[in-house]
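Novice: next comes the sequence, and after it the predicted model I'd like to discuss.
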Amino acid sequence: MTDGKTFIVEHLDPELGPWSELEYSAIADETQQSGSNNRFILSSLPASFRVPQRLSAKAAFTAERRGVEELYAADKSRVCLLDPAAGRDLSPDDGDSFRVFLFGGILDRTSELRNKGFEGRRLGPKQMTTDTAVRVTRMVVQDRIALSDIPFIDFPELKLNDHESTEMPFRYVVDEQGKPIMPKACVSWSTTAAGTASVKLQSCPSR
């Protein structure tokens, strides 16, 4: 597809947790696979932020110290803010109107960007992980699939072993087998002094 899109996540945190790294890696991979002209940018990165090698090696990925207001100061009308408080849902026609799709990363940042005049669109009523939000946006604006036609599952259970599972409090896209699409992760267990089980999701070692 020649009409490349740019997907930007504002990341203000000086650190990157293992689950966020998994999500960002998935976004970078899918961005590249969906079109060679597509780009994924992490913007507003603090000076102390160190990009993991696993992420920096992705062809579609760019790390950016500048914020989106500086990057698109003269072209704000082409930027669509994915905003749960927006008055309109994202539609395939928005792929013709916008070139850049912006994700606040955290709700407070989305509110700040809204107040700076970026036009907003909603991805429906349920909260999504960042990689799911980017995936859904790409499906709508590039694959031209209406939000109402995308197969979703809400709050799926992640099976950890034969006896334990945990509920993921988000909406996910499902694959052809009806399973939620989420980053591949390694799951490790630990037990606190009080006897409570703690689940840790982290990036699996490269093979």
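Specialist: In hand now; what should we look at? Residues are numbered from 1 along each chain as shown.

Novice: show me where this structure has helices.
Specialist: All helices of the chain, identified by DSSP state H, fall at 18-33, 53-56, 68-71, 94-97, 107-115, 130-141.

Novice: so which of those is nearest V79?
Specialist: Closest approach to V79 among those is made by helix 68-71 (6.8 Å; Cβ to Cβ). C-beta here means a position set from N, CA and C on the backbone, and glycine is covered the same way.

Novice: mind listing what's buried in that closest one?
Specialist: 68-69, 71 (16 or more other Cβ atoms under 10 Å).

Novice: what's the pLDDT at K116?
Specialist: Looking at K116, its pLDDT is 87.

Novice: isn't it up against E69?
Specialist: Yes. Using Cβ atoms under 8 Å, K116 is in contact with E69, at 6.1 Å.

Novice: show me the shaky parts of the chain.
Specialist: 1-2, 106-107, 185-207 (pLDDT under 70).

Novice: quick one, strands of it?
Specialist: Listed in chain order, the strands of the chain (DSSP state E) span residues 6-10, 39-43, 61-63, 79-82, 100-103, 119-121, 152-154, 157-159, 165-167, 171-173, 186-191, 197-202.

Novice: count of neighbours near the nearest residue to G124 once chain neighbours are set aside?
Specialist: Distances taken as Cβ to Cβ, 6 or more residues apart in numbering put L147 closest to G124, at 5.8 Å, once the chain neighbours are dropped. L147 has 18 neighbours, counted by other Cβ atoms under 10 Å.

Novice: ok now do L147, which residues does it touch?
Specialist: 89-91, 123-124, 136, 140 (Cβ atoms under 8 Å, 6 or more residues apart in numbering).

Novice: one more pass at 7 Å, please.
Specialist: L147 makes contacts with 89-90, 123-124, 140, as judged by Cβ atoms under 7 Å, 6 or more residues apart in numbering.

Novice: now, the most widely separated pair of the residues you listed?
Specialist: Top of the distance list for the contacts of L147 (Cβ to Cβ): G124 and V140, 10.5 Å.

Novice: compare those two and say which is more crowded by neighbours.
Specialist: V140 (24 against 15).

Novice: that one contacts P92, doesn't it?
Specialist: Yes. V140 is within contact range of P92, at 5.8 Å (criterion: Cβ atoms under 7 Å).

Novice: grab the nearest non-local neighbour of R88.
Specialist: Among residues not flanking R88 along the chain, R121 sits closest, at 5.8 Å (Cβ to Cβ, 6+ apart).

Novice: neighbours around the one you found, how many?
Specialist: 22.

Novice: stretch 79-88: which residues count as buried?
Specialist: Along stretch 79-88, these residues count as buried under the neighbour rule (16+ other Cβ under 10 Å): 79-84, 86.
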